[in-house]
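K.L.:
Predicted model follows, preceded by the sequence.
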Amino acid sequence: MSTKFNCCTGHSLKALCNEEEREALLSFKTGVHDPSNRLSSWVSEECCNWEGVLCHNTTGHVLRLNLRWDVYQRASSLGGNISSSLLHLKHLRYMDLSCNDFGSLNIPKFFGFLSNLRYLNLSSAGFGGVIPHQLGNLSKLHYLDIGNCQYYIHRNSLNVEDLEWISGLPFLEYLDMTTVNLSKTSNWLQVMNKLHSLSVLRLSNCELLAIDSLRHVNFSNLLILDLSWNHLISSSFDWFADLSSLTTLNLADNTIHGQIPYGLRNMSSLIFLDLSYNKFASSLPDCSITYLDLSDNALEGDILRSLGNLCAFQLSKISHRSQGECKILEYLNLGENSIKELDASSNLQLTVQASSNWTPPFQLTGLDLGSCLLGPQFPAWLQTQKNLYDLNMSYAGISDVIPAWFWTRTYQTIDLSHNQIIGSIPSLHFPRIHLGSNNFTDPQPQISSDVVELDLSDNLFRGSLSPMLCRQRTNKEVNLLNSLDVSGNLLSGELPNCWMYWRELTVLKLGNNNLTGHIPSSMASLIWLGSLHLRNNHLSGNFPLPLKNCSSLMVLDLSENELTGSIPEWIGNFIGKIIETFLEVGRILYTASLMVLVLHSNKFNGSIPVELCHLNSLQILDLGNNNLSGTIPRCFGNYSRMIKPSNSTSPFPFHDPYYITFGSTDEATLVMKGVEYEYHKSLGLLAGIDLSSNNLSGGIPEEFTSLHGLIFLNLSHNHLQGKIPVKIGDMKSLESLDLSMNRLSGVIPQGMATIAFLSHLNLSYNNLSGQIPSGTQLRGFSPFSFIGNPELCGAPLTDDCGEDGKPKAPIPDNDGKDDSGWIDMKWFYLGMPWGFAVGVWAIFAPLALKRAWRHAYFQFLDEMKYKLLGWCL
């Protein structure tokens, strides 16, 4: 069923469109860039029936203009210019242009002369520059949003030099300036205090540096105050005591130190308090809070005991950096409270202690003690928690056997990963199970059809996967398993051929085992598979044909196996799917095209198929250490994900983030800067190409220089010829560049010295010539980055350049053999261990064979020992 979200549309039989206002709207439409024809209805005579336009029922004057773009709309966002013809809409009360993209256009000054406006929303609309003070003329305004939406791309890049114009909005009730730069407005608090009607104030991520004291609080009607993600350091918020109506206070992600504001005691209406990521170091005041986040502070002492004073406390987070001994299970009095969930996670120095026969005076539904020290025994008091559904005891130092009663409960989510838990696991029936990084052993557990996520990675399971996965299923039984991770075990044998039972899988991780054979045909059943990891096994055969049916793949890692043959052309068909779900659910399930392709360290041969260029979303391409030949496709320069620097702070979700299970992300193992790294949370920020250690020939395509978002590029150990592209300096995001062991010639482009983030460079063993470009960026690298280029000179090499730009020292004659330098160096390194072995054997062999020589040698050592002792005494 198709899901469509429309802006507000007026349909009135009484309203007759005002001709002057109709012409004004058409003039506005002319200046707007509308690639998907969202304003297609703006052609009829009756403008009151146009999409996004609402008129007065009797006068026909335009009252509302709602052109907000929604991420779920099929149509594209608007852009272009905004015509001053809107000034003819003299009765306009409501204007919403949010979440469009006007390309850093300044907010039009004439907006300040739409004198009847009550509602103005320009959030995340792509405006930039200084906010015009003319907005202060909108004296009737009740709602002003010029910030950035939380769930949309941060498109606005606005700043303010003087905030006094805000005081011209006496009726303002809602003000959102999220991400607007207010660093030059030291009097921001005094200005906001003039707004008597203000009930919502959002100044998150505004570069605020300080909070001044207030003698008198005028905006006492505030309900929501958000000052998160700033640079506030003071905690003297005495004026908080006058905010008696405040329900939500967010001071997260500042550097506030000292005591938690005492004024919180008078906030009887406060229900949401976020003080996380600061440096508070005190206990909690008395208040009735239903949500509290104190994570990442410097809390000390018996912090958890003070939670007993929170009368209606429901959710507590005291994660990160709290110090001292957590005595909650012995000293916290919660008998008369309604505590339901407790989160004390990521307190690396907290120890939760309880006697084996202790019975808590509460019943929890959620418990998060991740990274608290609970072990070595499994906490026996958990058996008293009959209503517990969500449990996290990861990184808890538990090295015990899990008791039998635990597996009979009906948890929704359990996370016992990263402990040293031993023993076996019976059948599993919880929806979400995370038991990775322990010492669990065989037999492999039976998986219920109700399990959605299962992580058994990095344990000690052996043998074939068939006993766990290939149990006979009934026709009516539908397995809900969405994510399976059994990587890092001791599994062996061929992959089971029963994947038709697990059609709901979107994540499958089987890497770092000893699996052999071919990819089974039943894997073609996994049409929703978004991530497949089979790296570091012993799989063989050609590129797996069953994967041709897995067109939803976003991440494919087949590296470090023994796969052969050519890379098939059909791999270019991994372009994703879009599926519309039910309207009442309000969610769209979709899969993007392939983003990560890692085929490193196999035996693939033939040329690189140009069909790879069809993968527009490809962000990481690693074909290194194979036997590929031919030239590098020029169309690699068209990868859109590599052209624009990534601003994604999360790894790749496989579907709509509101649809998938919370936390579904991905990972990849990549070689960067000559070192193998595992990327998890930062994977979404990476973009790179590795074609190293193949037999590629030809030149480096000039089109590569358009990949401005590329982080790493490795073309080393090939047979590439020609010059380094002149515009390589345009690749401003490059951090690692390796072009070594090729046949490149010519000078090093001067632009390479302007790549500011470049921290790893290897141009060794080519035929480069001339002077190394000046500047600290290149000259700060080791000489080993440039050796093997006889005609190269200048710092950091020891060979100075003459007036002709050539080395002053005589250039060795290679007799026309381009590869002789690095070939000789290879023989040198290959000969080193043999030389060492021969030298050692030449010394110790006579001692082993000649008894007289052996006695003389050790007698000599004894004499030297006594002489040394004599000198010391």
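P.N.:
Thanks, I have the structure now.
K.L.:
going forward, measure contacts between C-alpha atoms and count neighbours the same way
P.N.:
Will do.
K.L.:
mind listing what residue 794 touches?
P.N.:
771, 772, 800, 801, 807 (Cα atoms under 8 Å, 6 or more residues apart in numbering).
K.L.:
So residue 729, which state does it fall into?
P.N.:
Using DSSP: H, G, I helix; E, B strand; the rest coil, the structure places residue 729 in helix.
K.L.:
Give the closest residue to it in space, chain neighbours not counted.
P.N.:
residue 751 (4.1 Å; Cα to Cα, 6 or more residues apart in numbering).
K.L.:
follow-up on the earlier one: of all the contacts of residue 794, which comes closest to residue 734?
P.N.:
Proximity of those to residue 734 was ranked by Cα to Cα; the top entry is residue 772 with 18.6 Å.
K.L.:
those helices in the stretch 401-550 of the chain, which residues are they?
P.N.:
Using DSSP state H, counting those that start in this stretch, the helices assigned to the stretch 401-550 of the chain run over residues 466-469.
K.L.:
any weak-confidence spans in it?
P.N.:
Scanning the stretch 401-550 of the chain for pLDDT under 70 picks out 472-476.
K.L.:
Where do the strands of it begin and end?
P.N.:
Under the criterion DSSP state E, counting those that start in this stretch, strands of the stretch 401-550 of the chain are mapped to 413-415, 422-423, 432-434, 439-440, 453-455, 462-463, 483-485, 490-494, 507-509, 514-517, 531-533, 538-542.
K.L.:
Out of these, indicate the one that is most buried.
P.N.:
Compared across these, strand 531-533 shows the largest average neighbour count, a mean of 24 (mean count of other Cα atoms under 10 Å).
K.L.:
so what strands line up beside that one?
P.N.:
Looking at strand 531-533 with DSSP bridges, its partner strands are strand 507-509 (parallel), strand 555-557 (parallel).
K.L.:
Columns distance to residue 489, neighbour count and secondary structure on top of the contacts of residue 794, output as JSON lines?
P.N.:
JSON lines is the format used below for the contacts of residue 794 (distance: Cα to Cα, whole Å; neighbours: other Cα atoms under 10 Å; DSSP: H, G, I helix; E, B strand; the rest coil):
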{"residue": "771", "distance to residue 489": "52", "neighbour count": "23", "secondary structure": "strand"}
{"residue": "772", "distance to residue 489": "49", "neighbour count": "24", "secondary structure": "coil"}
{"residue": "800", "distance to residue 489": "55", "neighbour count": "17", "secondary structure": "coil"}
{"residue": "801", "distance to residue 489": "56", "neighbour count": "20", "secondary structure": "strand"}
{"residue": "807", "distance to residue 489": "55", "neighbour count": "21", "secondary structure": "strand"}
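K.L.:
so which of the residues you listed comes closest to residue 100?
P.N.:
In terms of Cα to Cα, no member of the contacts of residue 794 lies closer to residue 100 than residue 772, at 46.3 Å.
K.L.:
The closest one and residue 791 touch, don't they?
P.N.:
No: when contacts are counted by Cα atoms under 8 Å, residue 772 is not listed as touching residue 791 (10.5 Å).
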